[in-house]
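Undergrad: sharing a sequence plus its predicted fold:
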Amino acid sequence: QVQLVESGGGLVQAGGSLRLSCAASGQIFNTAIMAWFRQAPGKEREFVAGISWRGLIIGRYAESVKGRFTIFRDISKNAVDLQMNNLKPDDTAVYYCAAAKTRDFDLAADEYDSWGQGTQVTVSS
């Protein structure tokens, strides 16, 4: 089991930036992908960005965040960050860190093995 703890959320004006961090512990050696999801009120949880945890660095982004968000990994610190630039009100959501043992960026949310508790991001217009 992998334990995930997110930090870095907050309130920001449209056009601003935030950096989210996810600290992992436990059986992280079994992890193939680390990802960020988000869930806005009344909406389903959606994939935001993912990164391979071992070997060649491969990233994947949702179309809505391409060019604005960047996902980073630091294996030495067991951490995954999400740099969010040019934030928009539509980015307002609770952001969750997730880990999967299966190396497949098309996994559904319920196929991820571990989740953090989430961190709130609010973008004001």
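TA: Yep, that arrived.
Undergrad: when you work out contacts or count neighbours from here on, use the C-alpha atoms and nothing else.
TA: OK.
Undergrad: so what's the backbone phi/psi at G116?
TA: Phi and psi for G116, reported as degrees, to the nearest 10, are phi -90, psi -180.
Undergrad: ok, it - how many residues close by?
TA: 20 (other Cα atoms under 10 Å).
Undergrad: what's across from the nearest residue to it once chain neighbours are set aside in the sheet?
TA: Nearest residue to G116, sequence neighbours excluded (Cα to Cα, 6 or more residues apart in numbering): L4, at 4.6 Å. Note on L4: beta-bridge partners by DSSP bridges are A24.
Undergrad: same check on D74?
TA: The partner residues for D74, given DSSP bridges, come to A79.
Undergrad: in this protein, which residue is closest to the centre?
TA: W36 (1.7 Å; Cα atoms, centre = their mean).
Undergrad: look up which helix or strand it falls in, please.
TA: strand 33-39 (DSSP states H and E).
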